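Engineer: I would like to see how this sequence folds:
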Amino acid sequence: MTTEEWKFTTKDIAEKPDLFLSGHRACAGCGPATVLRMIMKATRGPTIVTEATGCMEVVSSIYPYTSWAVPWLHTAFETAAANASGIESALKIMKKKGKVKQEHVDVIAIAGDGGTYDIGIQALSGAVERGHDFLFVLYDNEAYMNTGIQRSGGTPHGAATTTSPAGTVIPGKLEYKKPIAEIMVAHEMPYVATASPYYWRDMLTKVRRGLEVEGPAFLHVFAPCPRGWRSDPAKSIEYSKLVVETCVFPLWESINGQCQLSTPSKLIALAPQKKKPVTDYLKGQGRFSHMFKPQGKKLLEEVQRVTDERWQRLLAKCGMAQ
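Structural biologist: Below is the predicted model of the structure:
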């Protein structure tokens, strides 16, 4: 069944058994835990998951327990894509030898921003260049949350972390968030997309597209972390909506190099007055609290300016320049 034929409904989600199970040790309001549960609802058949060291690996696999109802392998921080490459290659050989009868055995690699933007980008780039057929899912909580909330290549500009504290001299992280999805598009992958858990139907459809495409696929999923962001655990999904409405994290996909906005962001492009100011998203998060003090005014203005500039560049790439 193709994604054009498949229409994800609440009934589909309710009736399909969970493959990422409850009982894990994730924090209250954990965005990545919600993301993984929903992603596994979109699988189409036999699936093997390999996951890098990180929050979701730790909370879901503390011996002798597991939250995974599919074959699952833990791999090192930097090697999720390399491990997926080996699994996919082994499956090809086993099919040739008649040891695997299924038409499709999907391979999903999962890593956080540390295991994707930074430590794992070499293995990811190599696996994509070789053309291995797997889906790489980045759950982006925007810092190294598992090891102490240190800044990563995915941490946004101005955010306070334990290694980019906000003080009178340095106002949080000085560098800007690395455009990881655009970097993957530059690899000429057949499928790259961004997703957010509030827009769950869009996210599940993109997971299925990534699984169905021949060759490597990359899905960048926004995943709030109340512990690291110092935000209200009850508002994680609300933040995953606001980040799209403010265009801090637009939703789009690239199919064979052709970029197109996804419906939630397309509606904003067609009705610019619906675009909310970045303050709507930033407020309430302790990591950005310094921006709302008198000395943080210029930083807040800069974040708005850069967000607007990036949004305009994306519109141009998608043929919707304003």
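
Engineer: secondary structure class for N83?
Structural biologist: Under DSSP: H, G, I helix; E, B strand; the rest coil, N83 falls in the helix class.

Engineer: tally of neighbours for it?
Structural biologist: Applying other CB atoms under 10 Å, we find 22 residues neighbouring N83. C-beta coordinates here come from the backbone N, C-alpha and C atoms, glycine included.

Engineer: ok, now S60?
Structural biologist: Close neighbours of S60, defined as other CB under 10 Å, add up to 23.

Engineer: could you do V107 as well?
Structural biologist: One way to gauge burial is a neighbour count; for V107, by other CB under 10 Å, it gives 23.

Engineer: element containing it?
Structural biologist: V107 is part of strand 106-112 when elements are defined by DSSP states H and E.

Engineer: can you give me how far that strand is from the chain middle?
Structural biologist: Distance of strand 106-112 from its chain centroid, counting by CA atoms, centre = their mean, to the nearest Å, is 11 Å.

Engineer: show me what that strand is packed against.
Structural biologist: Using 3 or more CB pairs under 8 Å, 6 or more residues apart in numbering; DSSP states H and E as the contact test, the elements touching strand 106-112 are helix 31-41, strand 47-52, helix 55-60, helix 80-96, strand 135-140.

Engineer: what's the pLDDT at A181?
Structural biologist: pLDDT recorded at A181 is 98.

Engineer: okay, the helix or strand bottoming out on mean pLDDT in the chain in PDB with CA atoms only?
Structural biologist: For the chain, the helix or strand with the lowest mean confidence is helix 10-15, at a mean of 83 (criterion: mean pLDDT, DSSP states H and E). Once non-C-alpha atoms are left out, helix 10-15 reads as follows in PDB (Å, rounded to 0.1, in the frame of the first residue of the first chain):
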ATOM      1  CA  THR A  10      -7.300   7.900  14.700                       C
ATOM      2  CA  LYS A  11      -8.900   4.500  14.300                       C
ATOM      3  CA  ASP A  12      -5.800   3.200  12.600                       C
ATOM      4  CA  ILE A  13      -3.600   4.400  15.400                       C
ATOM      5  CA  ALA A  14      -5.900   3.000  18.100                       C
ATOM      6  CA  GLU A  15      -6.200  -0.400  16.500                       C
END
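
Engineer: which positions within that helix qualify as buried?
Structural biologist: I13 (16 or more other CB atoms under 10 Å).

Engineer: run through who's touching it.
Structural biologist: When contacts are defined by CB atoms under 8 Å, 6 or more residues apart in numbering, helix 10-15 is touched by residues 38, 41, 200, 204.

Engineer: ok, now which ones touch I183?
Structural biologist: By CB under 8 Å, 6+ apart, the residues touching I183 are I121.

Engineer: let's see that with 10 Å instead.
Structural biologist: If you count contacts by CB atoms under 10 Å, 6 or more residues apart in numbering, I183 has them with 117, 121, 124-125, 192, 218.

Engineer: so the residue positioned nearest the centre of the chain: helix, strand or coil?
Structural biologist: A centroid search over the chain (CA atoms, centre = their mean) returns V221, at 2.1 Å, as the residue closest to the centre. Under the three-state scheme (three-state DSSP), the conformation of V221 reads as strand.

Engineer: could you number the chain from 24 rather than 1 from now on?
Structural biologist: Happy to do that; since the first residue is 24 now, the last one works out to V244.

Engineer: and it, what's its pLDDT?
Structural biologist: The model reports V244 with a pLDDT of 98.

Engineer: any idea how far it lies from K297?
Structural biologist: Between V244 and K297 the distance, using CB to CB, to the nearest Å, works out to 23 Å.

Engineer: same question for A51.
Structural biologist: Remark: distance between A51 and K297 (CB to CB) = 31 Å.

Engineer: picking up where we left off before, out of the contacts of I206, which are buried?
Structural biologist: In the contacts of I206, burial by neighbour count holds for 140, 144, 147, 215, 241, counting by 16+ other CB under 10 Å.

Engineer: quick check: of these, which lies closest to Q327?
Structural biologist: Sorting those by distance to Q327 puts Y140 at the head of the list, at 23.3 Å, by CB to CB.

Engineer: for that closest one, give me its contacts.
Structural biologist: Going by CB under 10 Å, 6+ apart, Y140 touches 134, 147, 161, 163, 165, 175-178, 200-203, 206.

Engineer: if we go to 6 Å?
Structural biologist: Applying CB atoms under 6 Å, 6 or more residues apart in numbering to Y140 gives the contacts 175-177, 201, 203.

Engineer: what's the burial count for V128?
Structural biologist: The tally of other residues near V128 (other CB under 10 Å) stands at 18.

Engineer: thank you, goodbye.
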